[in-house]
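[1] Any chance you can model this:
(one chain, ligands or ions: 1)
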Amino acid sequence: MAEADIRKGLAGVVVDTTAISKVNPETNSLLYRGYPVQELAAHRQIEDVAQLLWTGELPDAAQRHTADAFERAHRALPAAVIAAVDLLPPTAHPMDVARTAVSVLGAAHPLAGDSSREAELEKAAALFAVFPAVVAYDQRRRRGQELVEPRDDLGYAANFLWMTFGEEAPAEVVRAFDVSMVLYAEHSFNASTFTARVITSTLADLHSAVTGAIGALKGPLHGGANEAVMHTFEEIGIRQDESAEDATARAKAWMEDALAARKKVMGFGHRVYKNGDSRVPTMKAALDAMIEYYGRGEILGLYRGLETAMEEAKGIKPNLDYPAGPVYHLMGFDTGMFTPLFIAARITGWTAHIMEQRAANSLIRPLSVYDGPDERHVDAS
Ligand code: COA
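    The predicted structure follows:
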């Protein structure tokens with residue numbers, strides 16, 4: 001038998017076409033259905049991006065109005081999800097809570113067995129609409145606070161922050177949060193999206209595919225990195241009264257030690273981008289705005305220290321999770337909630353891929369080379 005060409009981690013393997021997004025590492029660019037993500041982040045909200053990813057086009061005013069009416073009508077957490085979440089101990093990781101909630105939503109959905117395009121569009125839009133309530137409720141119950149009902153006079157981002165914190169967020173904060181949602185929405189065949197496509201390829205339903213994708217996103221090599229970034233900041237120590245320069249010096253020293261110990265530092269590096277993540281400059285601008293708004297220069301100091309020391313030692317650049325972690329921290333989210341926030345946005349991309357996979361399906365089933373023991377036999381005596 002000819003030597004098999006094994007590509008560990010499927011690195012460099014092209015498995016299908018997609019019309020949803022294009023990642024170009026040569027030009028550090030990312031297009032959603034042809035539109036540069038930076039333009040979408042600057043001029044549109046996550047509600048528009050969701051429609052773009054699902055339908056292929058940005059909504060016109062009438063389409064946006066219809067989509068908003070649906071989204072606002074589907075924001076409240078069903079009683080079954082509240083009951084399921086309440087069964088979980090407060091020690092459960094928020095990603096496990098999120099995964100459980102999506103599973104319950106799928107089992108209870110009236111269209112659970114219907115995988116037509118119309119049904120999947122409806123299920124995707126309903127999941128996008130309700131998921132913020134899962135995150136908001138989970139953070140609040142951990143803090144011993146009551147559930148806050150959604151407000152249908154607020155947009156997606158403003159309502160998300162309202163349900164989480166029980167007060168209206170200022171416009172700058174809503175804007176930065178919306179930008180993070182747009183940037184997290186979609187990124188071609190990453191591990192969680194590929195997981196969703198593998199599950200869909202067996203003709204399983206949309207909620208099963210999203211539940212599996214959440215499992216893949218949890219790991220620190222993927223979405224879990226935004227949470228891990230904050231743990232790094234916490235390990236170095238966030239000192240609100242410290243100057244940015246002192247924070248930079250401590251962060252640099254921490255990074256030098258970590259790299260000397262051959263540690264992988266989360267929030268840096270990327271499988272596809274080798275010269276910088278296309279989404280980082282936009283997210284970093286949102287971080288700068290939040291640092292200024294909250295008056296927290298020491299966070300910028302820590303950020304610069306880690307980034308500079310990594311660049312000097314290894315030339316490895318930050319990925320989106322690096323600026324996103326501190327943005328969510330400054331807004332007041334608990335660190336464990338950061339990856340569920342990523343889910344909230346990525347539900348749009350995952351479900352677009354689920355519909356694309358189903359429309360031109362082929363079971364995803366690769367091969368392997370067996371390297372276990374030679375054939376042997378059970379002693380029948
Ligand atoms: N910290 C320290 N070293 C890193 C690194 C990091 N974050 N990312 C890559 N490297 C180093 C590796 O140690 C390796 O060095 P070596 O050749 O001396 O062993 C080299 O860079 C190549 O890394 P590798 O992990 O093989 O590349 P990959 O393409 O498989 O990895 C990631 C991509 C994302 C898995 C990797 O960069 C990583 O683990 N990053 C941290 C997790 C993270 O932030 N994930 C979110 C991605 S959006």
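[2] all helices for the stretch 201-350 of the chain, in order.
    206-218, 225-236, 244-260, 280-294, 297-314, 321-331, 338-359 (DSSP state H, counting those that start in this stretch).
[3] can you tell me which of the ones you listed comes nearest to residue 125?
    For residue 125, the closest of those is helix 338-359, at 8.5 Å, according to C-beta to C-beta. Every C-beta, even on glycine, is put in place using the N, C-alpha and C of the backbone.
[4] Check which helices and strands that closest one sits against.
    Using 3 or more C-beta pairs under 8 Å, 6 or more residues apart in numbering; DSSP states H and E, the elements in contact with helix 338-359 are helix 46-55, helix 94-108, helix 117-142, helix 171-184, helix 191-201, helix 206-218, helix 225-236, helix 321-331.
[5] Output those helices in a markdown table; the columns should cover mean pLDDT and mean neighbour count.
    Listed next are the helices and strands packed on helix 338-359 as a markdown table, based on pLDDT from 0 to 100; neighbours: other C-beta atoms under 10 Å:
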| stretch | mean pLDDT | mean neighbour count |
| --- | --- | --- |
| helix 46-55 | 98 | 23 |
| helix 94-108 | 98 | 21 |
| helix 117-142 | 98 | 21 |
| helix 171-184 | 98 | 22 |
| helix 191-201 | 98 | 23 |
| helix 206-218 | 98 | 24 |
| helix 225-236 | 96 | 21 |
| helix 321-331 | 97 | 25 |
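[6] Distance to the ligand added to the ones you listed, as a markdown table?
    Shown next, in a markdown table, are the helices and strands packed on helix 338-359 (distance: least, C-beta to the nearest ligand atom, whole Å):
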| stretch | distance to the ligand |
| --- | --- |
| helix 46-55 | 19 |
| helix 94-108 | 15 |
| helix 117-142 | 20 |
| helix 171-184 | 10 |
| helix 191-201 | 9 |
| helix 206-218 | 10 |
| helix 225-236 | 4 |
| helix 321-331 | 5 |
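[7] got those as CSV, with distance to residue 249 columns?
    Putting the helices and strands packed on helix 338-359 into CSV (distance: least, C-beta to C-beta, whole Å) gives the following:
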stretch, distance to residue 249
helix 46-55, 38
helix 94-108, 33
helix 117-142, 33
helix 171-184, 27
helix 191-201, 35
helix 206-218, 34
helix 225-236, 11
helix 321-331, 18
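[8] For the residue sitting nearest the centre point of the chain, which non-adjacent residue is closest in space?
    Centroid-nearest residue in the chain: residue 342, 2.5 Å away (criterion: C-alpha atoms, centre = their mean). Of all residues not flanking residue 342 in the chain, residue 223 sits nearest, at 4.6 Å (C-beta to C-beta, 6 or more residues apart in numbering).
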